[in-house]
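Novice: need a 3D model of the following:
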Amino acid sequence: MSKTIIKPPKAAPAVGPYNHAVRVEGLLFCAGQIPLDPATGNLVGGDIKAQTERVLENVKTILDDQNLTFAHVVKSTVFLTNLADFAGMNEVYSRYFTSDFPARSTVQVVALPRGASVEIEVIAHY
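Specialist: The predicted structure follows:
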């Protein structure tokens, strides 16, 4: 088994000792993305919709780098600091995942890095 480390040049820098994604045997495992602006590395403010939009654009950057789309995603995990934000997050999420939806888990967590309200990780196939 070999693994390939993925560090898209257009992505915001990682905020810790991890990689944006790792490819292994037909699967792409993406690290959780928070709403970081790739141009500044700073957290994007705003409501859950604005933060979810930035998170999914960050996921898209990783997928694009590997010539994949959201249609290739087979599993996603959404972390919210407040489950009351689920409807707003889901509204934005449904604009990115439009058919053949991946399996998904959504969990409430106490906190996320840099004070983010949402983090999303995905696994895609190629």
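Novice: would you map the helices across the protein?
Specialist: Ranges of helices in the chain, per DSSP state H, are 48-65, 86-96.
Novice: name whatever forms a beta bridge with the closest residue to Val59 other than its chain neighbours.
Specialist: With C-beta to C-beta, 6 or more residues apart in numbering as the criterion, Val59 has its nearest non-adjacent residue at 5.3 Å, and that residue is Gln33. Every C-beta, even on glycine, is put in place using the N, C-alpha and C of the backbone. Gln33 has these beta-bridge partners by DSSP bridges: Ile120.
Novice: just give me the neighbour total for Gln33.
Specialist: For Gln33, the count of nearby residues is 25 (other C-beta atoms under 10 Å).
Novice: kindly report the same for Pro9.
Specialist: Neighbour tally, Pro9, other C-beta under 10 Å: 7.
Novice: next one: Val24
Specialist: Counted with other C-beta under 10 Å, residues neighbouring Val24 total 11.
Novice: quick check: pLDDT value at the residue nearest to it when sequence neighbours are not counted.
Specialist: Of all residues beyond its chain neighbours, the one nearest Val24 is Lys3 (4.8 Å), with distances taken as C-beta to C-beta, 6+ apart. Note for Lys3: predicted pLDDT of 95.
Novice: tell me the contacts of Lys3?
Specialist: Listed by C-beta atoms under 8 Å, 6 or more residues apart in numbering, the contact partners of Lys3 are Val22, Arg23, Val24.
Novice: among these, which lie within strands?
Specialist: Val22, Arg23, Val24 (DSSP state E).
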